[in-house]
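Chemist: sequence first, then the predicted structure:
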Amino acid sequence: MSRFRISLILPTLALVAALVVGCVQVSGATTAPAATGSVGQTTTQNAALPGSSNAPVANAVASPTVTSAAADPFSPVVDIVKKAQPSVVTVLTDQGLGSGIIYSADGYIVTNNHVVATGNSYTVAFASGEQVPATLVGTDPTTDVAVLKVDKTDLPAAVFEQDLPQVGQLAVAIGSPLGFENTVTVGIVSGLQRTIPGSAEGSGVVISSDGYIVTNNHVVASAQGSTVKVTFNSGKKVDATIVGTDPKTDLAVVKASVTGLTAATWGDSDKVQVGDTVLAIGSPLGLQSSVTAGIISALHRTITVGGEQQSQFDTPSGTTTIGDAIQTDAPINPGNSGGALVDTEGHVVGINSAIATAGSNGNVGVGFAISANKAKSVAQQLIRGGKVSHPYLGVSVGDAQNGGAQIQQLVAGGPAAKAGLQEGDVVTKVNDTAIAGSEDLVGAIQASTVGAQLTLTIDRNGSQSTVKVTVGEAP
């Protein structure tokens, strides 16, 4: 009979034992307290799908935290699934479905209260495909725990782990999301002993020991006055002053009146590669000090956020186009904004900023971070109190019919006009980078620096040529 350890906090285990003997039935769920808004917190979480409720998290005992991009953090997954999956069941009610865990060999099943709360009849489907009717033994809405009983013996009961896992430890979730039974997903333990808050927060990264913190502009844009509240990992809360903001890059810097802080180490975002392992750190949905893992999915993305664009945020001024963004599949959710995307050495390679949602309310595996090199440069300019310098070409562009970015308008005396570009020209390359459309050109210019010389490949009336342009500074 296969047995495997499944993490469950000890007070919940005691509650399950009480429900099994038929003594506990508690009514009236309490509302979790809302956490105070902050910029300095760090967290992330994976979005749960309907049907995955009470899907257990099986932890590899003494499994390694990812320490290098070359390490394979998921190598134990096959063995974990073979051992843990027989103890996971699907709970079917006349109103819907969820997941459950075999608590004992004589037929007791633990699940969530909200899985069974609206049901009148219950069926348990085992990993083998067998389905049997179940009786509701007891529920506790306060902790969202319920116990069912099936008339079977010699079931493969789970072994519940009484010791908490570690943040960063490999975790495997098994359940029935959206009705797809026995679905396995892999991630890491993002946080421990959480109180689920009622509101989301922004995040930030400490960049100096004397209190400077970088975050997103949209995190602080709606602040009342010039101050925000910062909560550090220690739980200490302090007021911070907004030093400066740059809506064009969606970056901001705040200053907390504290010293002796541990500053993050900047990485070189020009050196990251697609496939590199990264961790997203922030406060998604107010869950402080959460960590999620993924890889670099793509580089040099140009994204438009705000307006009708599906994103994590809507900027107060409408849409914002961010160039040279890093795409990652590390789970990012509202509240991660302004948090760190770090490599396996703990170096900050990006500032998490936006997600594509595809009409949903949470992460779908497509997140974006502002590159560390850009964030560092903008933050330094804001701290010095100067105007943030933005590269500028002096054109309005649209998508060309057969690919490329077509110049629709030229600013008189601008860099493009001085270089001899004309309205109707189609830009197909910037240096060696192919330009598929207008957003690619915007991204390429934003990724450059004022004073840089670029070679543009253009198509003019069917003839191809190259033009050298010196990037100007946006007025």
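Modeler: Ah, there it is.

Chemist: mind checking the longest helix of this protein?
Modeler: In the chain, taking DSSP state H as the definition, the longest helix is helix 372-384.

Chemist: any residues touching stretch 429-442, and which ones?
Modeler: Stretch 429-442 has contacts (C-beta atoms under 8 Å, 6 or more residues apart in numbering) with 300, 302, 304, 321, 323, 393, 397-400, 403-406, 427-428, 444-445, 454-457. Using the backbone N, CA and C atoms, a C-beta is placed for each residue, glycine as well.

Chemist: at 10 Å instead, please
Modeler: Residues outside stretch 429-442 that contact it (C-beta atoms under 10 Å, 6 or more residues apart in numbering): 300-304, 321-323, 393, 395-400, 403-408, 426-428, 443-445, 447-448, 452-458, 464, 466, 469.

Chemist: only whichever of these are buried, select them in PyMOL.
Modeler: To isolate the buried ones among the contacts of stretch 429-442 in PyMOL, judged by 16 or more other C-beta atoms under 10 Å, type:
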select buried, resi 300+301+302+303+321+322+323+393+395+397+399+400+404+405+406+407+426+427+428+443+444+445+447+448+454+456+457+458+469
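
Chemist: among the contacts of stretch 429-442, which are located in helices?
Modeler: Gly443, Ala444, Ile445, Ala447.

Chemist: which ones are touching the first one?
Modeler: What that stands for is Gly443. When contacts are counted by C-beta under 10 Å, 6+ apart, Gly443 touches His300, Arg301, Thr302, Ile303, Thr321, Ile322, Gly323, Asp324, Ala325, Val430, Thr433, Ile435.

Chemist: want to try JSON lines for these, with pLDDT as columns?
Modeler: Output for the contacts of Gly443, formatted as JSON lines (pLDDT from 0 to 100):
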{"residue": "His300", "pLDDT": "88"}
{"residue": "Arg301", "pLDDT": "89"}
{"residue": "Thr302", "pLDDT": "85"}
{"residue": "Ile303", "pLDDT": "83"}
{"residue": "Thr321", "pLDDT": "78"}
{"residue": "Ile322", "pLDDT": "83"}
{"residue": "Gly323", "pLDDT": "82"}
{"residue": "Asp324", "pLDDT": "85"}
{"residue": "Ala325", "pLDDT": "92"}
{"residue": "Val430", "pLDDT": "96"}
{"residue": "Thr433", "pLDDT": "91"}
{"residue": "Ile435", "pLDDT": "94"}
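
Chemist: mind putting the ones in helices among the contacts of stretch 429-442 into TSV with pLDDT and distance to Ile296?
Modeler: TSV is the format used below for the ones in helices among the contacts of stretch 429-442 (pLDDT from 0 to 100; distance: C-beta to C-beta, whole Å):
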residue	pLDDT	distance to Ile296
Gly443	86	16
Ala444	89	19
Ile445	91	22
Ala447	85	16
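
Chemist: can you give me how far the longest helix of the chain is from the chain middle?
Modeler: Chain-centre distance of helix 372-384: 23 Å, with C-alpha atoms, centre = their mean, to the nearest Å.

Chemist: low-confidence bits of the stretch 251-400 of the chain, can you list those?
Modeler: 305-319, 358-362 (pLDDT under 70).

Chemist: and if we set it to 90?
Modeler: 282-290, 300-324, 332-337, 354-365, 385-387 (pLDDT under 90).

Chemist: okay, strands next: where are they in it?
Modeler: Taking DSSP state E, counting those that start in this stretch, the strands of the stretch 251-400 of the chain run over residues 251-256, 277-282, 290-305, 320-328, 340-342, 348-355, 367-371, 391-392, 395-399.

Chemist: same deal with the stretch 101-250 of the chain?
Modeler: Going by DSSP E, counting those that start in this stretch, the stretch 101-250 of the chain shows strands at 108-111, 122-125, 131-140, 145-150, 159-161, 170-175, 183-188, 205-206, 212-215, 227-231, 237-246.
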